[in-house]
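# Kindly generate the corresponding structure for this input.
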Amino acid sequence: MSASRSALSRDEIVTRVTALLGADAVDTDPRELELASVDRFKKYQSVHGIFDGPIPAIIAYPRSTEEVASVLRFANDNLVNVVPRTGRTATEGGLETVIDDTIVLDGSRMNSVLDVNETDMTVTVQCGVPLQQLEDELRERGLTTGHSPQSKPLAQYGGLVATRSIGQFSTLYGAIEDMVVGLEAVFPDGTVTRIKNVPRRAAGPDIRHIIIGNEGALCVITEVTVKIFPYHPENTRFFGFLVDEFEVSVEALRELVTAGYRPSVCRVYSPEDANQHFAHFSEGKSVVVLTAEGPEPLAAATATGIEAVFADRPHQRVDSAHIEKWFQGLNWGQDKIDAEKETMLRDSHLGYTTEVSINWSGVSSLYHAVIDRIRSEYPRADHLTMLGAHSSHSYQTGTNLYFVYDYDIDCEPRQEIDLYHVPLNAIIVEEALRLGGSMVHHHGIGKYRTPWTRQEHGSAYPMLERLKQAFDPNGVMNAGTIIPLEA
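Numbers count the residues shown, from 1 in each chain. Here you go, the predicted structure:
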């Protein structure tokens, strides 16, 4: 946590931003400012009304790229920290305000779908367009973005691109960086940058990736163009298999994906994790979940590949209706978040995840290293009510592991984060890096994985630092995110 470097007082910041946008485009309500100081990494403290970090000075709601530029120029000229947000589904502290008198720049009112081009198969949207809204509109036309993260009911496009998000159909459609064609963004000096929409080019480094995944530490994303695809729900086929061992299930996934098949959903749950999703049929085994979709010949070929991979492996088949029903309830909207809050308050119980990635050859080692280390070294291991993992996004060279841990809380609410979440998160990150994997697969670095940013990037870390120095020389963009605050 750091003091503001601005010569302006809190009241002066509020007055100046209000003058730029108008009173109807700002919020200084104390409760809203408290909620804006954290994201879901501190959901337990938040539900108990604990907000220990610096509280932002103002929430600004620009309605255009020009207004974004005006706020950023003001902040840059006056050394005021800015935390950009849309959707507010971040889980790694990226939306926390760690500098006094921060401006929270909320792009949710920039919510127009600008163009649907069914010839070029692209859609262009402003940063505040909700993913669920866009997907519903496209499906009425027989189209889809192919992007379906669990946060789909709440997520908005600026945040999806800024955090390098991924969706449940990623093995077929790719992650957000595979979908983005072009962008518009504003840098802290007010410069508006547009990266044009073309199918591919070899005109130097791919500069889209300066913006994609920047987590608000370099710029504010204002507009995005993404690919769209034909939507064929009538062809989707659901598969479920029970397999005795987690490693055998992962090997089946590896064989399927490296052979060239692309099931849209491609998941393996360890027995512990499976039990919380599929208790009515998992029988203490690993559960494999797969879906084949797309045009009928493609879906049929994928289904044939799935059947072939499991034909020679011991397994039990799961009724596809169970898998379809489970998937329909997988996404998290406000109703589930509200129910989770009630559970936290009533039961002093919490569940979190930490997702990392690893090459196929390291999956088993990472899985056992994390589980064994938590069980043997973590001093509150007996408070865990569930510890498991699943693979949910696979590639030719490897997969992710989504470690899931639930625990009963035996401490004051303020202490939970340091006694439970932070140390458990640290063990998983440390083991992933030790075994040559990545410390984060798709949630972003935020502010809680920055202690390992240097280790993650190794000799490439100076490139990351130089991007920060070049594009945010005054250090006003989301301080403490990606780059450690002390750096």
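
# Just list the residues touching the closest residue in space to Gly436 that isn't next to it in sequence, thanks.
Leaving out its chain neighbours, the residue that sits closest to Gly436 by Cβ to Cβ, 6 or more residues apart in numbering is Gly362, at 6.1 Å. Bear in mind the C-beta positions are built from the backbone N, C-alpha and C, glycine included. Gly362 makes contacts with Gly398, Leu435, Gly436, Gly437, as judged by Cβ atoms under 8 Å, 6 or more residues apart in numbering.

# Now Gly362. Its backbone dihedrals?
Here is the backbone geometry of Gly362 (degrees, to the nearest 10): phi -110, psi 0.

# Now do the contacts for the spatially closest residue to Gln334 that is not a sequence neighbour.
Leaving aside its chain neighbours, Gln334 sits nearest to Leu154 (6.7 Å; criterion: Cβ to Cβ, 6+ apart). For Leu154, the contact set (Cβ under 8 Å, 6+ apart) comprises Gly87, Arg88, Thr89, Pro130, Gln132, Trp332, Gly333, Gln334.

# now swap in Pro484 and tell me
Pro484 sits next to Thr450, Pro451, Thr453, Arg454 when contact means Cβ under 8 Å, 6+ apart.

# per-residue pLDDT, it?
Looking at Pro484, its pLDDT is 90.

# What of the one 3 residues further on?
With respect to pLDDT, Ala487 has a value of 67.

# Helices along the stretch 51-200 of the chain, start to end?
65-78, 131-139, 157-162, 170-173, 176-179 (DSSP state H, counting those that start in this stretch).

# what's the last one packed up against?
Pointing back at helix 176-179 there. Contacts defined by 3 or more Cβ pairs under 8 Å, 6 or more residues apart in numbering; DSSP states H and E place helix 176-179 against strand 220-227.

# So for the following helix or strand past the strand it packs on, mean pLDDT?
Downstream of strand 220-227, the first helix or strand assigned by DSSP states H and E is strand 229-230. Computed over strand 229-230, the mean pLDDT rounds to 98.

# Next secondary structure after strand 229-230?
strand 237-243.

# what lines up beside that next one in the sheet?
In the sheet, strand 237-243 lines up against strand 286-292 (antiparallel), strand 316-318 (antiparallel) (DSSP bridges).

# Please name the bridge partners of Gln156.
Here Gln156, judged by DSSP bridges, has bridge partners Pro130.

# Run a quick neighbour tally on it.
28 (other Cβ atoms under 10 Å).

# Weed out the non-buried ones from the contacts of Gly362.
Neighbour counting by 16 or more other Cβ atoms under 10 Å classes Gly398, Leu435, Gly437 among those as buried.

# I'd like to know which of these is nearest to Glu377.
For the buried ones among the contacts of Gly362, the closest approach to Glu377 (Cβ to Cβ) belongs to Leu435, at 16.4 Å.

# any idea how far Val257 is from that closest one?
Per Cβ to Cβ, to the nearest Å, Leu435 is found 20 Å from Val257.

# Check Arg31 too.
Separation of Arg31 from Val257 (Cβ to Cβ): 47 Å.

# the more surrounded of these two?
Between Arg31 and Val257, counted using other Cβ under 10 Å, the more crowded position is Val257 (22 against 10).

# what ranges of the chain fall below the confidence cut-off?
Along the chain, the parts satisfying pLDDT under 70 run over 1, 487.

# Could you name the residue of it that is farthest from its center?
Asp312 (36.0 Å; Cα atoms, centre = their mean).

# Could I get the full set of helices for the stretch 351-487 of the chain?
So, for the stretch 351-487 of the chain - with DSSP H, counting those that start in this stretch - the helices run 363-377, 416, 422-434, 453-457, 461-471.

# Point out the one among those that comes closest to Ala292.
The nearest among the helices of the stretch 351-487 of the chain, by Cβ to Cβ, is helix 363-377 at 23.1 Å.

# buried stuff in that closest one?
Going by 16+ other Cβ under 10 Å, helix 363-377 has these buried residues: Val363, Leu366, Tyr367, Ala369, Val370, Ile371, Ile374.

# Please apply the same query to stretch 256-264.
Leu256, Val257, Tyr261, Arg262, Pro263, Ser264.

# now swap in stretch 181-201 and tell me
If you call a residue buried by 16+ other Cβ under 10 Å, then stretch 181-201 has these buried ones: Val181, Gly182, Leu183, Glu184, Ala185, Val186, Phe187, Pro188, Gly190, Val192, Ile195, Asn197.

# ok, back up a step: adding distance to Phe327, write the buried ones among the contacts of Gly362 out as a markdown table.
A markdown table is the format used below for the buried ones among the contacts of Gly362 (distance: Cβ to Cβ, whole Å):
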| residue | distance to Phe327 |
| --- | --- |
| Gly398 | 24 |
| Leu435 | 31 |
| Gly437 | 27 |
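
# Which of the residues you listed sits closest to Glu140?
Gly398 (36.9 Å).

# For Phe169, see how far away the nearest residue to that closest one once chain neighbours are set aside is.
If the residues on either side of it in the chain are set aside, Gly398 comes closest to Asn359, at 4.0 Å by Cβ to Cβ, 6+ apart. To Phe169, Asn359 is 22 Å away according to Cβ to Cβ.
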